[in-house]
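Asks: Provided below are the primary sequence and the corresponding predicted coordinates.
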Amino acid sequence: MDVISTAGLSKFYGKARGIEDLSMCVPSGAVYGFLGPNGAGKTTTIRCLLGMLKPTAGEAMVLGEPVTLDGSALRHRIGYVAGEVRLFERETGRWHLDLVAGLRGSRGPLEAELLERFDFDPGRKVRELSKGNKQKLALILGMAHDPELLILDEPTSGLDPLNQESVYEVIEERVAAGRTVFLSSHVLSEVERVCDRIGIIRSGHLVAEEDVRSLLAKRLRHLQVTLAGDADESLLTGLAGVDSVARVGASGLTARVKGDAVDSVVKRLATTEVADLRITQASLEDVFLEFYRDAEGGEA
């Protein structure tokens with residue numbers, strides 16, 4: 001079953017476009033990464049999925065139910081951590097936990113565990129907390145009731161690397177227990193770390209959906225080669241999937257190699273004497289930025 005599915009989902013703010021004709025599916029038990037720069041439509045999409053905004057057109061189904069503005073029963077099954085945390089500054093963390101427990105009708109089964117794992121002191125007032133500790137509180141509030149669907153918007157913002165790793169571990173454990181995660185993030189290294197599938201949104205349109213493993217198989221590679229004699233850019237220029245060929249010193253060449261073009265590069269280099277060779281894989285961020293360059297140029 002698809003935990004999230006949208007068909008032609010659109011939201012306009014007057015003449016301004018939030019999202020337009022967005023259709024996507026998030027399967028059960030997956031971690032779906034939702035990527036795009038600021039203003040691309042990520043937050044508008046999340047608010048439509050939560051029933052916080054009424055779409056201009058199209059529809060959204062979450063956990064098998066249509067999303068409506070009065071869908072409190074559906075939202076009870078969802079955990080949400082907003083990108084910009086808003087808490088009651090004069091109240092303590094414990095006050096927030098008690099408030100949410102009262103609204104849900106019971107304490108979350110994961111509350112005590114998450115307090116310990118995130119090393120969070122609920123006795124302090126919010127105004128005394130650092131940005132990272134406010135984020136911890138937001139995560140505990142959103143995850144303590146062990147929801148069927150977690151919608152996380154920039155979940156590790158403000159956290160140190162150790163606490164980021166704790167968040168990743170909790171996500172992996174919840175997915176192993178059958179939960180589903182919809183993760184919006186600017187930190188592409190964390191998307192690469194935890195996501196199974198990603199959707200890329202640009203200017204309100206979903207322009208790609210792909211498995212992370214498949215996307216990384218197409219990733220760029222950076223080539224540095226030192227030849228035994230003088231280097232000539234023509235050695236690599238013209239090979240399919242190879243661009244940005246540049247000479248470095250008398251005997252060095254650098255280039256960007258896409259997808260499976262590595263094979264043809266190695267065969268071409270075998271025709272000459274190589275003193276040194278280095279091929280490094282690009283990160284998911286490099287792949288994402290390359291995709292955006294292509295999309296802006298109308299090639300994707």
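Replies: It's in.

Asks: so what pLDDT did the closest residue to Gly158 other than its chain neighbours get?
Replies: Computed as C-beta to C-beta, 6 or more residues apart in numbering, the closest residue to Gly158 that is not its neighbour in sequence is Lys131, at 3.9 Å. Every residue, glycine included, has its C-beta placed from N, CA and C. Per-residue pLDDT puts Lys131 at 93.

Asks: tell me the contacts of Val31?
Replies: Residues near Val31 by C-beta atoms under 8 Å, 6 or more residues apart in numbering: Ile171, Val175, Thr180, Val181, Leu183, Val194, Cys195, Asp196, Arg197.

Asks: filter those down to the ones in helices?
Replies: Here DSSP state H is the test, and the contacts of Val31 give Ile171, Val175, Val194 as lying in helices.

Asks: who wins on neighbours among these?
Replies: Counting neighbours by other C-beta atoms under 10 Å, the top entry in these is Ile171, with 22 neighbours.

Asks: how about the contacts made by that one?
Replies: Ile171 neighbours (C-beta under 8 Å, 6+ apart): Val31, Leu150, Leu152, Val181, Leu183, Val194.

Asks: can you tell me which member of those residues has the lowest pLDDT score?
Replies: The lowest pLDDT within these belongs to Val194, with 92.

Asks: so it sits against Glu173, correct?
Replies: No - contact criterion C-beta atoms under 8 Å: Val194 and Glu173 do not qualify, at 11.2 Å.

Asks: hang on, the earlier thing: can you put the ones in helices among the contacts of Val31 in TSV and add distance to Gly123?
Replies: Shown next, in TSV, are these (distance: C-beta to C-beta, whole Å):
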residue	distance to Gly123
Ile171	27
Val175	32
Val194	31
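
Asks: first-to-last residue distance for stretch 27-34?
Replies: Terminal residues of stretch 27-34 lie 14 Å apart, using C-alpha to C-alpha, to the nearest Å.

Asks: now do stretch 229-238
Replies: 21 Å.

Asks: in it, which residues are buried?
Replies: Ala231, Leu235, Leu236 (16 or more other C-beta atoms under 10 Å).

Asks: check stretch 32-45 too.
Replies: So stretch 32-45, judged by 16+ other C-beta under 10 Å, has buried residues Tyr32, Gly33, Phe34, Leu35, Gly36, Ala40, Gly41, Lys42, Thr43, Thr44, Thr45.

Asks: and which of those residues is nearest to Ala250?
Replies: In terms of C-beta to C-beta, no member of the buried residues of stretch 32-45 lies closer to Ala250 than Leu35, at 41.6 Å.

Asks: element containing the nearest residue to that closest one once chain neighbours are set aside, please.
Replies: Once flanking residues are discounted, Leu35 sits nearest to Ile200: 5.1 Å by C-beta to C-beta, 6+ apart. If you go by DSSP states H and E, Ile200 is part of strand 197-202.

Asks: next helix or strand past that strand?
Replies: Taking DSSP H and E, what comes next after strand 197-202 is strand 205-211.

Asks: with only the CA atoms kept, save that following strand in CSV.
Replies: Taking C-alpha atoms only, strand 205-211 is exported to CSV below (Å, rounded to 0.1, in the frame of the first residue of the first chain):
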residue,chain,number,x,y,z
HIS,A,205,6.8,20.7,-10.0
LEU,A,206,8.0,17.2,-9.2
VAL,A,207,10.6,16.7,-11.8
ALA,A,208,12.0,13.3,-10.8
GLU,A,209,11.4,10.3,-8.6
GLU,A,210,14.1,7.7,-8.3
ASP,A,211,15.6,5.1,-6.0
